[in-house]
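Trainee: What follows is a predicted protein model with its sequence.
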Amino acid sequence: MKIATWNINGVKARIETALTWLKESSPDVVCLQEIKSVDKNFPREAFEDAGYHVETHGQKGFNGVAILSRMPLEDVTRRLPGNPHDEQARYIEATVSTDSGAVRIACLYLPNGNPLASEKFDYKLAWMQRLENRVQELIADEMPLVVAGDFNVIPMPQDAKRPDAWTNDALFQPESRTAFRRLITLGMTDAIRATTPEPETYTFWDYQAGAWQKNDGIRIDHMLLSPEAADRLEAAGIDKQTRGWEKPSDHVPVWIELAV
DNA sequence: ATGCCTTGTCGCACAAGA
């Protein structure tokens, strides 16, 4: 099963690009972030015509996540537990079943958290604590688990072309990195880190200042696998070429192949 | 330096992103 994650930065602006990529990359399941659309305006038919079931959790203007799947999506849940007052659409979970087993898939758009020392940074850290709690619960279920999305965390200095440029950014704060590391400590495997020894492996390049041309990127889109999922990991990759296409998202797709 | 781009918004500039 090929599972991918992609922050598309606006589904309506990216629909043609997304359909081209789906045809080229042929994933079975796709986690989308920053759809920037309410559910009723999501271009569901375009993806259904491409052969995918669609589940969305959108909001107006910002944020918003969705899961596409060639197989039916079961037990869909929206919202990250732990704060009933949180109105931001950043999390959706579903189960995908095949003849050889089922996989639980969590699709997330973790808060950016800038600027530092603001409510936004506190919200990011609180959100990461809620995520840790949820992942702990899901791991205990022992169904293969994939937690995929835009984590807005640069885990290590080697995950940025210019780590010094991110010193005062929420994406690279010790608190953000520690919270990410706690997910690893729970038993989750960073799929790209586990399979890709090459340096300068990034998933985001800013639109500004020629970041793409200079390969001035960061790795912030991740796929974390529970032990049961990691045991089935066959391959992982980054569809970097999409950043060079017409009208690109500033993020590129990350994918894994699981033996299920 | 703070903007450099890009998207969405009941646009005629602004917020938010990272």
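Mentor: Okay, I see it.
Trainee: Run through the helices of the stretch 151-260 of chain A in chain order.
Mentor: Along the stretch 151-260 of chain A, counting by DSSP state H, counting those that start in this stretch, helices occupy A:174-185, A:191-195, A:227-230.
Trainee: residues contacting residue A:67?
Mentor: For residue A:67, the contact set (CB atoms under 8 Å, 6 or more residues apart in numbering) comprises A:29, A:30, A:31, A:32, A:54, A:55, A:73, A:76, A:92, A:94, A:105, A:107. C-betas here are computed from N, CA, C, even on glycine.
Trainee: Who is it paired with across the strands?
Mentor: residue A:31, residue A:55 (DSSP bridges).
Trainee: Name the member of the contacts of residue A:67 that has the highest neighbour count.
Mentor: residue A:31 (31 neighbours; other CB atoms under 10 Å).
Trainee: My read is that that residue contacts residue A:5, right?
Mentor: Yes - judged on CB atoms under 8 Å, residue A:31 makes contact with residue A:5 at a distance of 4.2 Å.
Trainee: Quick check: neighbours shared by these two?
Mentor: Jointly contacting residue A:31 and residue A:5 under the rule CB under 8 Å, 6+ apart are A:107, A:148, A:149.
Trainee: Please convert those to CSV, extending it with secondary structure and pLDDT.
Mentor: Output for these, formatted as CSV (DSSP: H, G, I helix; E, B strand; the rest coil; pLDDT from 0 to 100):
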residue, secondary structure, pLDDT
A:107, strand, 98
A:148, strand, 98
A:149, strand, 98
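Trainee: Nearest to DNA strand B among those?
Mentor: Using CB to the nearest atom of the strand, residue A:149 comes nearest to DNA strand B of these, at 10.4 Å.
Trainee: if we can go back for a sec, between the contacts of residue A:67, which sits nearest residue A:11?
Mentor: Distance to residue A:11 across the contacts of residue A:67 (CB to CB) is lowest for residue A:32, with 6.9 Å.
Trainee: any idea how far the closest one is from DNA strand B?
Mentor: Using CB to the nearest atom of the strand, to the nearest Å, one gets 12 Å for the distance from residue A:32 to DNA strand B.
Trainee: need the residues of the stretch 151-260 of chain A near DNA strand B, please.
Mentor: Taking CB under 7 Å from any atom of the strand as the measure of proximity, the stretch 151-260 of chain A contacts DNA strand B at A:152, A:171, A:204, A:206, A:207, A:208, A:209, A:218, A:220, A:247, A:250, A:251.
Trainee: Surely the second one and residue A:159 touch.
Mentor: No - under the contact definition of CB under 8 Å, residue A:171 does not touch residue A:159, with a separation of 9.7 Å.
Trainee: Where does the prediction get shaky in chain A?
Mentor: Regions of chain A meeting the criterion pLDDT under 70 are absent.
Trainee: Check the offset of stretch A:246-255 from the chain's centre.
Mentor: Mean C-alpha position of stretch A:246-255 versus that of the full chain (CA atoms, centre = their mean, to the nearest Å) differs by 12 Å.
Trainee: buried ones in that stretch?
Mentor: A:248, A:249, A:250, A:251, A:252, A:253, A:254, A:255 (16 or more other CB atoms under 10 Å).
Trainee: Need the distance between the two termini of it.
Mentor: 21 Å (CA to CA, to the nearest Å).
Trainee: Can you tell me what sits against that stretch?
Mentor: A:2-10, A:13-14, A:16-17, A:21, A:25, A:27, A:30, A:33, A:148, A:150, A:191-192, A:203-207, A:220-223, A:236-243.
Trainee: Residues in a beta bridge with residue A:104, which ones?
Mentor: Going by DSSP bridges, residue A:104 forms beta bridges with residue A:95, residue A:145.
Trainee: Show the contacting residues for it.
Mentor: Taking CB under 8 Å, 6+ apart as the test, what residue A:104 contacts is A:93, A:94, A:95, A:138, A:141, A:143, A:144, A:145, A:146.
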